[in-house]
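> fold the following and give me the result.
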Amino acid sequence: MAIVPFRISGPAASQDLEGRLFQICGLVIKIRQHPNAGLRCMGDSTEPAPPSIPDSAADVSSLATPACTGSAGPAPPGTSAGPLGSAAKSQSNAAAAILWPGDDDEDDKDNSSVPGGTGSPVACPLHGPAPDSKLGKVGLVVWQCGFVLSDLLLRHPPWGTWAGIRVLDLGSGTGLVGIALALSAAQVVLTDLPHILPLMRQNVEANCMGRCAAGPPTVAEHVWGDAGSAASLGPQPDLITASDVLYEPRYYPALISSLELLCAPHTLVYIAWKKRHVEEEGFVPLAEARGFAVQVVPEHMLSDEYQGGMYVVLRLCRLDPMSLG
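The predicted model follows:
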C-alpha cells in the first residue's frame, strides 16, 4: 500500500477507514479506527473490512524510516523549565499518512460529548459511543491535532531526549500521540473514557510490543476532574499531553481540575487544538486564573503544513503558589 502525503485533502481525505498507516518523524504507526461505531451502537452490525496494512508490530517496524533530529530543550525533570527556544523550520515534510482527514471531516466534530478528552462521546448503554453518527467517530478516529502534537514533540523534545521521561496523555482516543512517544523511549500512560479503551489497547498491541525501550504504554480510564481515577494513574508525570480537547468550552473547568490533580511542580503540559470558535480563547485566561503559566508555542516550530494560525499548541506549567504572594 502506497503512503501518500498527510496533507492530502478533498474527497480522498476521509476518516471513514478501519485502518490507517502513519509516518511521523521516522516512525511508522498503524492505527485502527472505528468510524462506524455510532452505527453499530444503533444495531447496525455491518463493519467494512480494514485495508491491507501490516498486522503486527514487527511488520510495522520493518517500514520505519530514518528518525528526525530533535532539538535540545529545557532542563531535565525536577529543575526549572526555561522558555521555549527558537528552532529552525523543518526543510522537509516530517510525516505522511494514508488518507489524512480533511478540514471538512474535522468540522463534523459534535459539541455534545462528555469530558474525557480527544473525542470522548456520550456512552450508550452498550458502552459504545452515542448513536449519533457524528459522535460515533469522535475519539475513535485520528484528528489532525494528533499529528501536529506528535510531530512537534518528536522534532523538539522538551528535555532533548525521551528516555526516562514519564508522559501522561489525556483524552488519548486512538492513542496516536502516546504511541509515538512510547516508540521514542518515553514511559507513557494513555487515558480516556471506558468505551474508548478497547480500541486504544488494540493500537498499543499493534505497534508497541517489543518496540518500546521503556515498555508499551499503560492504558487507563480517567474522567476529567475525578480525583479517584487521577490518583490511580501512578506518579505525577514529567509531561502531560492532550490533542484537540478544547472544542467544548463547558468542560474546561474539569480539564483544568485534572491538570491540577496530575501536575507536579516540574510537569509541563502541551495542548494542541484547532481553532473552531471564539469560545476556545477562554481556556487560556481560565487556566491562568487557576495558577498555570501559559505560552503559545511559536508557529514556526509546527510542521509547515499546519502553520497559518488554524492550529495552536499551548505549553503550560503550574506556578509556585509562594511566588504568587
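> what about the residue lying closest to K275 once chain neighbours are set aside, neighbour count?
Nearest residue to K275 in three dimensions, chain neighbours excluded: M310, at 5.7 Å (Cβ to Cβ, 6 or more residues apart in numbering). Quick note: C-beta positions are derived from backbone N, CA and C, even for glycine. Counted with other Cβ atoms under 10 Å, the burial measure for M310 works out to 12 neighbours.
> tell me how far A206 lies from A220.
19 Å (Cβ to Cβ, to the nearest Å).
> out of those two, which sits in the busier spot?
Counting neighbours by other Cβ under 10 Å for A206 and for A220 shows that A206 has the greater number, 22 against 17.
> that one belongs to a helix?
Yes: secondary structure assignment places A206 in a helix (DSSP: H, G, I helix; E, B strand; the rest coil).
> which helix or strand contains the nearest residue to it once chain neighbours are set aside?
The shortest distance from A206 to any residue other than its chain neighbours is 5.1 Å, reached at K30 (Cβ to Cβ, 6+ apart). Assignment of secondary structure by DSSP states H and E places K30 within strand 27-32.
> thought the residue nearest to K275 was touching W273?
No: M310 is beyond contact range of W273, at 10.0 Å (criterion: Cβ atoms under 8 Å).
> show me where this structure has its strands.
Taking DSSP state E as the criterion, the chain carries its strands at 4-5, 19-24, 27-32, 95-97, 166-170, 187-192, 218-221, 239-243, 268-274, 292-296, 311-318.
> by contact count, what packs against the second one?
Packing contacts for strand 19-24, counted by 3 or more Cβ pairs under 8 Å, 6 or more residues apart in numbering; DSSP states H and E, involve strand 27-32, strand 95-97, helix 144-155.
> what's the least confident stretch among the strands of the chain?
For these, the weakest mean pLDDT is recorded on strand 95-97, namely a mean of 36.
> list the residues that contact G178.
V167, D169, S172, V188, V189, L190, P217, T241 (Cβ atoms under 8 Å, 6 or more residues apart in numbering).
> how about 7 Å then?
Neighbouring residues of G178 by Cβ atoms under 7 Å, 6 or more residues apart in numbering: V167, D169, S172, V188, L190, P217.
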